[in-house]
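Chemist: Please work out how this folds:
(3 chains)
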Amino acid sequence: MPELPEVEVVRRGLERWVAGRTIETVEVLHPRAVRRHVGGGADFAERLRGETFAVPQRRGKYLWLPLAGRDLSVLGHLGMSGQLLVQPEDAPDEKHLRIRVRFTGSGGSAAEAAGTELRFVDQRTFGGLSLHENTADGLPDVIAHIARDPLDPLFDEVSYHLALRARRTTVKRALLDQSLISGVGNIYADEALWRARLHYERPTAHLTRPRSAELLGHVRDVMNAALAVGGTSFDSLYVNVNGESGYFDRSLDAYGREDEPCRRCGTPMRRRPWMNRSSYFCPRCQRPPRVAS
DNA sequence: CTTCGATCCTGGTAGC
DNA sequence: TGCTACCAGGATCGAA
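Modeler: Below is the predicted model:
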């Protein structure tokens, strides 16, 4: 499942392979992949013809490709299974290929990019691409409500702490709320909570300033660690992104470790159904709040 | 306004 | 073997 680090790896890959290239044609092979584009697939393709991609940007799990000289961007979200691939034009279509972008012969910074195209591949179709006007900040207008992410230099820690204190919710819900902090998904939420020794149902209203600062620090650490591992995979003709990078195989302390020993205290880790998904935690290191209901 | 649960989707797998 | 049920989960939307 792509979260912030995986999306950043994709953004870097796009910067290398796609920035500066001019679109010749766009082919939409599945309508769900453009469902956020108001005009539909034909309009999406038509409006992109002849445009040139500028340097890709990212906030949280969203990434976008601004169109050079225009106040428009192609916004992308990978959902659960989305991939953006740079492939040779003659490579066979992927089974779940949803959108193809062909480029003109010139432009782009990487000479090796010649003869390649951009493909959006997505098995579960939760992701997609769409074209939007930018706000004054250069952000696609439909993601104006997405908070800055923890790796953004302008992320405001004090405001974040105050927002947590004001909420009547639990800490994991707050971590996944993209309007408070963006880029955190189920996996990194469980990892950061384990590192912070916080149970996922702890109320945010009770978090002290040092405690929320510590939690935020762990969120940043776990993301930076993932980025350090995944950050090497984009240096090829394959702009990759799926949740099974090396990081996921080796470095998770909480997510997916039901019944395995806690790496701190050896107690078997537990999994609990939570919000139509799962929460993994150590019952000894991460004690549940006293009461609740 | 805030909070919370249902919903979208497909492929792999567990269970019968 | 073949079928069904369930699980993964980010973002959105509507209900309370």
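Chemist: Following the worst-scoring helix or strand of chain A on mean pLDDT in sequence, what is the next regular element?
Modeler: Ranked by mean pLDDT, DSSP states H and E, the weakest helix or strand in chain A is helix A:246-250, scoring a mean of 47. As assigned by DSSP states H and E, the chain's next helix or strand after helix A:246-250 is strand A:270-274.
Chemist: Distance from that next one to the middle of the chain?
Modeler: Centroid displacement of strand A:270-274 relative to its chain, using C-alpha atoms, centre = their mean, to the nearest Å, is 23 Å.
Chemist: Could you name the helices and strands sitting against it?
Modeler: Packing partners of strand A:270-274 (3 or more C-beta pairs under 8 Å, 6 or more residues apart in numbering; DSSP states H and E): strand A:277-281. (Each C-beta comes from the backbone N, C-alpha and C, glycine too.)
Chemist: contacting residues for A:G41?
Modeler: A:G41 is in contact with A:V28, A:P31, A:V34, counting by C-beta atoms under 8 Å, 6 or more residues apart in numbering.
Chemist: What residues sit buried inside the helix or strand hosting it?
Modeler: In this structure, A:G41 sits in helix A:40-48 according to DSSP H and E. Neighbour-count burial for helix A:40-48 flags A:G41, A:F44, A:A45, A:R47, A:L48 (criterion: 16 or more other C-beta atoms under 10 Å).
Chemist: Report the distance from it to the chain centre.
Modeler: Distance of helix A:40-48 from its chain centroid, counting by C-alpha atoms, centre = their mean, is 25 Å.
Chemist: thinking again about what came up before, can I get the buried residues of helix A:40-48 in CSV including distance to DNA strand C and pLDDT?
Modeler: Shown next, in CSV, are those (distance: C-beta to the nearest atom of the strand, whole Å; pLDDT from 0 to 100):
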residue, distance to DNA strand C, pLDDT
A:G41, 18, 94
A:F44, 17, 96
A:A45, 22, 96
A:R47, 20, 97
A:L48, 21, 97
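Chemist: Closest to A:G115 out of those residues?
Modeler: Proximity of those to A:G115 (C-beta to C-beta) peaks at A:L48, which lies at 19.8 Å.
Chemist: I'd say that closest one and A:I23 touch.
Modeler: Yes: the pair A:L48 and A:I23 qualifies as a contact (C-beta atoms under 8 Å) at a distance of 5.1 Å.
Chemist: Overlap of the contact sets of those two?
Modeler: Shared contacts of A:L48 and A:I23, counting by C-beta under 8 Å, 6+ apart, come down to A:V101.
Chemist: Spell out the secondary structure type for the residue of chain A found nearest DNA strand B.
Modeler: Of all residues in chain A, the one sitting closest to DNA strand B is A:R168 (3.4 Å; C-beta to the nearest atom of the strand). Here A:R168 takes the coil state, with states given by DSSP: H, G, I helix; E, B strand; the rest coil.
Chemist: Does the closest residue to it other than its chain neighbours belong to a helix, a strand or coil?
Modeler: Excluding its sequence neighbours, the residue lying closest to A:R168 (C-beta to C-beta, 6 or more residues apart in numbering) is A:A205, at 6.4 Å. Under three-state DSSP, A:A205 falls in the helix class.
Chemist: So what's the residue count around A:A205?
Modeler: A:A205 is flanked by 12 other residues according to other C-beta atoms under 10 Å.
Chemist: cool, A:E27 as well?
Modeler: Residues lying near A:E27 (other C-beta under 10 Å) number 14.
Chemist: Please, which helix or strand holds it?
Modeler: Using DSSP H and E, A:E27 maps to strand A:21-28.
Chemist: and that strand, what does it pack onto?
Modeler: helix A:40-48, strand A:97-107.
Chemist: And the next helix or strand after the longest one, how far out from the chain middle?
Modeler: Going back to what we said before, that points to strand A:97-107. Once the chain leaves strand A:97-107, the next helix or strand it forms, by DSSP H and E, is strand A:116-122. Here strand A:116-122 is found 17 Å from its chain centre; the criterion is C-alpha atoms, centre = their mean.
Chemist: repeat for stretch A:277-287
Modeler: Mean-position distance between stretch A:277-287 and its chain equals 24 Å (C-alpha atoms, centre = their mean).
Chemist: do the same with stretch A:188-204
Modeler: Centroid separation for stretch A:188-204 versus its chain: 19 Å, with C-alpha atoms, centre = their mean.
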